[in-house]
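**Student:** how would this look folded up:
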Amino acid sequence: MTLLRRIARPSLLRTLLVRSLLVAVVPLLVLGSTVMFVMDEVILRRSGPVDITTGGRMASADQIVVGLVLGLIAVLVPAIAFFAYRSADGLARPLRELVQAAQRIQGGDLTARIERRAPHEIGALEGAFDTMVHALEQREQSNRELVAELQVQALNDPLTSLPNRLLFQDRLRQQVYFSSRQGARFGVFVMDLDGFKEVNDTFGHQTGDRLLVMVGERIRTTLRESDTVARFGGDEFALLVPTADSEDKAETVARRIQKTLEAPFGLDGFLLNVEASIGITMFPEHGEDPQTLVKRADAAMYVAKRVKSGFSLYRPSEELEARDRLILMGEFRQAIERDELVLHYQPEVDPRTGEVLTVEALVRWRHPTRGMLSPDQFIPFAEQTGLIRPLTNHVIDRAIGQVRSWRNRMGQPVRVAINLSARDFQDPELPKHIETALRRHDMPPEQLKLEITETVVMADAARSLSTLATLREMGIQLSIDDFGTGYSSLAYLKRFPVDEIKIDRSFVTDIVADHGANAIVRATIELAHSLDRTVVAEGVEDQATMAVLAGYGCDAVQGYYFTKPLAAADVALLISGTPPWVARGRLLDLKVVPGGLEAAV
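**Tutor:** Take a look at the predicted model:
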């Protein structure tokens, strides 16, 4: 570019012209002067003495020749000068046009073109210039397309194509500015799917990703075009609803979202039920900047998840609870190392004799400053931080060791039940760890029962069948926990090598008042017995519920009607003596009737 400017500037054009003239004219002038000098000498020699009185010489033919030569020179000099000027101008004009085109390109105009008029090297330069401009135009178009694509990627979630956190924050910032000027209110929502980690662990991340896409689509169709639905990452979504200008309207939006998620999601032949916890903040009451509004909505969401309320409006005390939860999560990492985890045991009772058949191990955290914490307060931390496997291994070792201690003390065997999470069940080292613990504590495998949720078993039927078969070959008792809440049917019972099913408390609790729950429980017990499986009902809270279950022939019952979870020392007293529910007359008198047993209350 600089070279072209230097070539085409006017001072250089004048220099080219002068040099051309000098190159052409000076030799002619020298030639003419030389000719005149020679001819003059010749004339002097030929003409003889000069006539002083007349002051001149006689004209001769040589003088005529000199005149002609001078005249020719006079004609040639202007002609040569004219052609030199035209030549210099013909060289400079295309260069000047090249400079002008280059200046337009520098300003961003890539439409500049040069008309190829020069047939010599300048013409070749013009052609090369046009080729360069065309290549630059193509590259610029590619760059524009790439920039547009990068902008989409930078501002949108690659999985769901929804706005990401960055774009959501930008729109929220604009809404804050607009609402501040108008004195308006609006709602911000943070939503998290309940149990999504279990879906990922059991069905795989590809299925989990597809579920997130379907959830995003449902939410998007539920709201207006002016609303923003964003995915922050994982199973967390955020919503900006400018029309939710009151708490009542915000809660209505939350209910509408929950309603749209009620219908099951069909994936890989399974129907997945999805629930969500939603936290809500209102501008400007709960924050006057985007970061505060989102942070407090997130805190409200965790409250909704903890109390299982579906959604929760932010309250100032919740922020302290969220901070406290993070502190507790950090402290849990050292809980196993510091031996702060203890086991309590809840018995499963024979409804006919009152005998304790099994004790279910339930972990508690004896926190140094907070006291005894229930599993609901720290199990989610274990799952989120990847500590669920070391936690389970710790529980297995402690529970099996406790059984040996009871046996040594009382001289009678006790069977213990341990719950497994989805991550535990997928751990290929699980059978080996259990076998090592059994051998170390010299405990027969028949005294160990493992409880696996129905969802975990059904997630990967082939893999579950293999793992269950391995555990069964070891002599371990197997139970399907929370039966009735997952995605299987009773027909699957005959495929899996399990010994019992445990009916979920959601059916048991309403068995007296709810005819549907009653029918489900009764059919489940009958079918399980026909397949030689035993049945345990959890959540027995009163005598009426126990009467119905005993009448249907349920093999074991568990619940606060008998006792809450007990410490190991209390379990020893319970097993070695007469159970208190027997002493208090809480068992029912059963009589044989056609088709089963009937409880006489």
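**Student:** For the spatially most central residue of the chain, list the residues it contacts.
**Tutor:** The geometric centre of the chain, computed from its C-alpha atoms, lies nearest to Gly233 (CA atoms, centre = their mean), at 3.5 Å. With contact taken as CB atoms under 8 Å, 6 or more residues apart in numbering, Gly233 is in contact with Arg165. (C-beta placed from N, C-alpha, C; glycine too.)
**Student:** Just the buried positions in the longest strand anywhere in the chain, please.
**Tutor:** When the chain is parsed with DSSP state E, its longest strand is strand 356-367. By 16 or more other CB atoms under 10 Å, the buried positions in strand 356-367 come out as Val356, Leu357, Thr358, Val359, Glu360, Ala361, Leu362, Val363, Arg364, Trp365, His367.
**Student:** Specify which member of those residues is nearest to Leu320.
**Tutor:** His367 (17.5 Å; CB to CB).
**Student:** what about Ser312, which SS state?
**Tutor:** strand (DSSP: H, G, I helix; E, B strand; the rest coil).
**Student:** hang on, it packs against Thr281?
**Tutor:** No - using CB atoms under 8 Å, Ser312 is not in contact with Thr281, being 10.4 Å away.
**Student:** mind checking how far the residue nearest to the centre of the chain is from Gly266?
**Tutor:** Gly233 is 25 Å from Gly266, where distance means CB to CB, to the nearest Å.
**Student:** so the residue lying closest to Val190 once chain neighbours are set aside is in which element?
**Tutor:** Ranked by CB to CB, 6 or more residues apart in numbering and with sequence neighbours excluded, the top spatial neighbour of Val190 is Ala297, at 4.0 Å. Applying DSSP states H and E as the criterion places Ala297 in helix 290-307.
**Student:** what's the neighbour count on Trp581?
**Tutor:** Here the count is done by other CB atoms under 10 Å, and Trp581 has 17 residues near it.
**Student:** State the distance from Leu223 to Pro390.
**Tutor:** For Leu223, the distance to Pro390 equals 42 Å [CB to CB].
**Student:** higher neighbour count, the two?
**Tutor:** Leu223 (20 against 12).
**Student:** per-residue pLDDT, that one?
**Tutor:** The score at Leu223 is 93. That number is its pLDDT.
**Student:** Does it touch Val229 like I think?
**Tutor:** Yes - judged on CB under 8 Å, Leu223 makes contact with Val229 at a distance of 6.2 Å.
**Student:** All the helices of the stretch 501-601 of the chain, in order from the start?
**Tutor:** 505-508, 515-530, 543-551, 568-576, 580-583 (DSSP state H, counting those that start in this stretch).
**Student:** hang on, I meant the stretch 101-250 of the chain
**Tutor:** For the stretch 101-250 of the chain, the helices defined by DSSP H, counting those that start in this stretch cover 121-155, 165-182, 196-203, 205-222, 247-260.
**Student:** Next, format the ones you listed as CSV and append mean neighbour count and distance to Leu527.
**Tutor:** Shown next, in CSV, are the helices of the stretch 101-250 of the chain (neighbours: other CB atoms under 10 Å; distance: least, CB to CB, whole Å):
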stretch, mean neighbour count, distance to Leu527
helix 121-155, 13, 53
helix 165-182, 15, 49
helix 196-203, 21, 24
helix 205-222, 17, 29
helix 247-260, 16, 33
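**Student:** Which parts of the chain belong to which domain?
**Tutor:** 2-139, 165-328, 333-600 (automatic domain parsing).
**Student:** averaging pLDDT over each of these, which comes out lowest?
**Tutor:** domain 2-139 - the lowest mean pLDDT of the domains of the chain, at a mean of 59.
**Student:** returning to that earlier point: got any residues that touch both of Leu223 and Val229?
**Tutor:** Leu239.
**Student:** Which residues outside stretch 209-222 are in contact with it?
**Tutor:** By CB under 8 Å, 6+ apart, stretch 209-222 touches 159-160, 162, 191, 193, 196, 199, 229, 231, 235, 237, 239, 256-257, 260-261, 265, 267, 272, 274.
**Student:** Buried by neighbour count, from these: which ones?
**Tutor:** Here, 16+ other CB under 10 Å leaves 160, 162, 191, 193, 196, 199, 229, 231, 235, 237, 239, 257, 261, 265, 267, 272, 274 buried among these.
**Student:** Which residue is the nearest non-sequential neighbour of the last one?
**Tutor:** So that's Val274. Leu261 (5.3 Å).
**Student:** Now for the one you found: which residues touch it?
**Tutor:** Val215, Arg218, Val274, Glu275, Ala276.
**Student:** What is the burial count for Val307?
**Tutor:** Val307, neighbours per other CB under 10 Å, totals 10.
**Student:** How much space separates it from Thr545?
**Tutor:** Val307 is 25 Å from Thr545, by CB to CB.
**Student:** How about Val99?
**Tutor:** 96 Å.
**Student:** now swap in Leu357 and tell me
**Tutor:** For Leu357 relative to Thr545 (CB to CB), the value is 18 Å.
**Student:** same check, this time on Thr252
**Tutor:** 37 Å.
**Student:** returning to that earlier point: reformat the domains of the chain as a markdown table; add distance to Leu155.
**Tutor:** Shown next, in a markdown table, are these (distance: least, CB to CB, whole Å):
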| stretch | distance to Leu155 |
| --- | --- |
| domain 2-139 | 24 |
| domain 165-328 | 4 |
| domain 333-600 | 28 |
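**Student:** I appreciate the help and will end here.
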